[in-house]
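Participant: structure, please.
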Amino acid sequence: MNTARSDHRATLLADGKVLIVGGVGPGYSFLAGAELYDPITGAFTPTGAMTAPHESHTLTTLPDGRVLTTGGHRGRHEDIVIYRSVEIYAPATGRFSGAGNLAVARHKHDAVLLADGRVLISGGSDEHDDRGAYASAEIYDPKTGTSTLTVRMPGVRYKHAGTSLLLPDGRILIAGGGRNAVIYDPASNRFGAVPGDLGTAPLSRLFSTATLLRDATALITGGYGQGQSVSAGAWLYRH
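Facilitator: This is a model prediction of the structure:
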């Protein structure tokens, strides 16, 4: 890449390129910059930057090909700033622009595209990290640029980026960041806990992964929980 970075985010664009955004650079420098990877040429090229540096944010590719980034933070400890900001990257122009605000400032959360083109944003935390983890969720509408709180999850969860999956029936499985997976049903606007434990700590499967298989089964792997070591465990969700 053109810039060394960690805890950044990446998403596939409609043209086959990969957008890589933000993160932390050398010396705990917080990055606003972004770059594009072209798998045809194998080259990375800089593109437009976010309006502010972000770590622990989310990226979601929208149906029209634009990319939504939400929340995140910059700074550490007493200097940390948690964002409410929402920005959208337009591949046609290579630029980010402001697109409203979240209802709640949050980082270490997750975001997933709903079947109707809106985005479900779940969990995360405030500046108190695990002691400030959220059970709240909100829905961002890219048509209006507004985000509205929705029903709360059954329990708090955070550090679960990339573990929210759109199932074939339109429901959302949120697999990471908690003792149980949960299902969100947009039709009824309800969350429900999935039977089966993923850990013994309320905040379990932190920094785990979730992958939707071809038969709509989800594979959940690894992660850790409060007071627990890193896990080699794997779980399957079957609907």
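Participant: so what's residue 26 closest to, chain neighbours aside?
Facilitator: residue 4 (5.7 Å; C-beta to C-beta, 6 or more residues apart in numbering). C-beta here means a position set from N, CA and C on the backbone, and glycine is covered the same way.
Participant: and the residue located most distally from the centre of the chain, which of the three is it?
Facilitator: Ranked by distance from the centre of the chain (C-alpha atoms, centre = their mean), the top residue is residue 41, with 28.4 Å. Recorded secondary structure, residue 41: coil (DSSP: H, G, I helix; E, B strand; the rest coil).
Participant: tell me how many other residues surround the residue lying closest to residue 228 once chain neighbours are set aside.
Facilitator: Nearest residue to residue 228 in three dimensions, chain neighbours excluded: residue 201, at 5.9 Å (C-beta to C-beta, 6+ apart). The local packing of residue 201 (other C-beta atoms under 10 Å) involves 16 other residues.
Participant: host element of residue 201?
Facilitator: For residue 201, there is no host helix or strand (DSSP states H and E).
Participant: residues in contact with it?
Facilitator: Residues in contact with residue 201 (C-beta atoms under 8 Å, 6 or more residues apart in numbering) are 179, 225, 226, 227, 228.
Participant: beta partners of residue 60?
Facilitator: Here residue 60 sits in beta bridges with residue 68, as judged by DSSP bridges.
Participant: coming back round to it: shouldn't the residue nearest to residue 26 be within a strand?
Facilitator: No: read with three-state DSSP, residue 4 is coil and lies in no strand.
Participant: sorry, back to before: in PyMOL, how would I select the buried members of the contacts of residue 201?
Facilitator: The following PyMOL line selects those of the contacts of residue 201 that are buried, judged by 16 or more other C-beta atoms under 10 Å:
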select buried, resi 179+225
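Participant: kindly reformat the contacts of residue 201 as TSV containing secondary structure.
Facilitator: What follows is these, written out as TSV (three-state DSSP):
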residue	secondary structure
179	coil
225	coil
226	coil
227	coil
228	coil
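Participant: check the contacts of residue 201 and tell me the two furthest apart.
Facilitator: The distance between the two most remote of these (C-beta to C-beta) is 12.8 Å, for 179 and 227.
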